[in-house]
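**Student:** How does the following fold in three dimensions:
(2 chains)
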There are 2 protein chains.
Amino acid sequence: MLKENKEFIMFPKATLERLKLYHRLLSEEEKEYISSEEIGERLGILPEQVRKDLSYLEYKGKPKVGYNVKKLLEELNKLFGIGKSTKVIIVGAGNLGTAITNYPGFANYNIEIVGIFDNDPNKIGKRIGDLVVLPMDYLERVIKKFNVEIGVICVPKESAQEVANILVKNGIKAIWNFAPTFIKVPEEVIVRNEDITSGLLSLKHMLEVKDQRIRKD
Amino acid sequence: MLKENKEFIMFPKATLERLKLYHRLLSEEEKEYISSEEIGERLGILPEQVRKDLSYLEYKGKPKVGYNVKKLLEELNKLFGIGKSTKVIIVGAGNLGTAITNYPGFANYNIEIVGIFDNDPNKIGKRIGDLVVLPMDYLERVIKKFNVEIGVICVPKESAQEVANILVKNGIKAIWNFAPTFIKVPEEVIVRNEDITSGLLSLKHMLEVKDQRIRKD
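**Tutor:** Numbering: from 1, shown residues only, chains lettered A, B, ... in the order given. Presented below is the predicted three-dimensional model:
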């Protein structure tokens, strides 16, 4: 069963997505104060929407002055658990696993990829960034040693469920699944299914709607 | 300015995401009829939610019988423009560009990747699936020849804006941007920003909320 784990999100999913955008914007902001108008303008979001989203937070901005960037960022950091270090392992050292391991920016969120695993003898021992691809036998040791919370599945869909079972058995708390299939896990494990085709499908839909609008005009 | 292109989505964003899940499930379904309860059960979504989402469509299910799978699928196909072939090119033949090019399942959506480009002489000429990495000079020709609508940016963030400008200049209608930076494009171009770190940030948030719940109990 695909789980949406809604109970672990504190507000509407779309709000969570926008809060991540605000976090990214504010991380690069050097001014002391910023207004909802400016945040909105730079992200293409209505200022009313920005204010609504930020109203979920405890810290409130000052009328006419705006939001104190540092305080807002502190609260968003807390929300995303950025103060705490999160250890992650990747299973599957193909192009996708390699791309994620090398993707810049995880350190900003206190996320550390501490291991990458594969069962292909041609990949084991290969260097990826600061890591060396390890055989699957090492998975248990690495999870225990680093207290790994999140496992990323980057294997073909035929092996995804097997890998998920291994991760669960070794106490992984959350799975980020890139295999294009739905995996079954126990209730208490958090799952996020990432379907790469899905982004293109959204764009296809938007092109379709745009085309229809133009034809109607 | 980051654009959300909201005007080109016909319903709430979260609904669109769920409609994609229904589409995927129904594509693999062999029965003639399916109920909202069964869809919900298999996807971990409440049946009421399934019915609400599907009420946006013209085709209505039959009480006590459920939805005709073929008819529902036809309407979802129309919604996502799956009847029409969409040509896509990828700029950047690193691990991410390679992973996307090789990702299975695009053909199911009538999406065809017709070219992959890079300016690195070490990558040009390399085989990826059925394609050969081409130099950037060939971009214009390929876009025109295949009437390419979507361009995918898989280059480092320093080059993302430059690549976006080239794509726009050559008439690309939609951009799927994987570079961790916001790109500026003219009003009429559709953009979807995909931030890989974002998925892990959601999981970190959910782990954080779960931890707090457990501590409170």
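**Student:** what's the pLDDT at A:Val65?
**Tutor:** pLDDT, A:Val65: 89.
**Student:** What separation do you get for the residue nearest to it when sequence neighbours are not counted and A:Glu187?
**Tutor:** What sits nearest to A:Val65 in space, not counting adjacent residues and going by Cβ to Cβ, 6 or more residues apart in numbering or on different chains, is A:Tyr33, at 5.5 Å. No exception for glycine: its C-beta is placed from N, CA and C like everyone else's. As judged by Cβ to Cβ, to the nearest Å, A:Tyr33 and A:Glu187 stand 44 Å apart.
**Student:** More neighbours: which of these two?
**Tutor:** A:Tyr33 (16 against 7; other Cβ atoms under 10 Å in any protein chain shown).
**Student:** Test my guess that that one contacts A:Lys70.
**Tutor:** No - A:Tyr33 is not in contact with A:Lys70 according to Cβ atoms under 8 Å; the separation is 9.7 Å.
**Student:** mind listing the helices in chain A by residue range?
**Tutor:** A:13-27, A:36-43, A:47-54, A:69-79, A:95-102, A:139-146, A:157-169, A:196-216 (DSSP state H).
**Student:** hey, least reliable of those by pLDDT?
**Tutor:** Lowest mean pLDDT within the helices of chain A: helix A:196-216, a mean of 83.
**Student:** Give me the distance between that one and the centre of its chain.
**Tutor:** Here helix A:196-216 is found 25 Å from its chain centre; the criterion is Cα atoms, centre = their mean, to the nearest Å.
**Student:** swap in stretch A:37-48?
**Tutor:** Centroid separation for stretch A:37-48 versus its chain: 23 Å, with Cα atoms, centre = their mean.
**Student:** Endpoints of that stretch, how far apart?
**Tutor:** Distance across stretch A:37-48, first residue to last, is 8 Å (Cα to Cα, to the nearest Å).
**Student:** quick check: longest strand of chain A.
**Tutor:** strand A:111-118 (DSSP state E).
**Student:** which helices and strands sit right next to that strand?
**Tutor:** strand A:86-91, helix A:95-102, strand A:131-132, strand A:134-135, helix A:139-146, helix B:196-216 (3 or more Cβ pairs under 8 Å, 6 or more residues apart in numbering or on different chains; DSSP states H and E).
**Student:** what residues does that strand touch?
**Tutor:** Outside strand A:111-118, the residues that touch it by Cβ atoms under 8 Å, 6 or more residues apart in numbering or on different chains are A:85-94, A:97-98, A:100-101, A:106, A:124, A:128, A:131, A:133-136, A:138-139, A:142, A:146, A:148, B:197, B:200, B:204.
**Student:** Swap in 6 Å and give it another go.
**Tutor:** Here strand A:111-118 makes contact (Cβ atoms under 6 Å, 6 or more residues apart in numbering or on different chains) with A:86-91, A:93, A:101, A:128, A:131, A:133-134, A:136, A:139, A:142, A:146, B:200.
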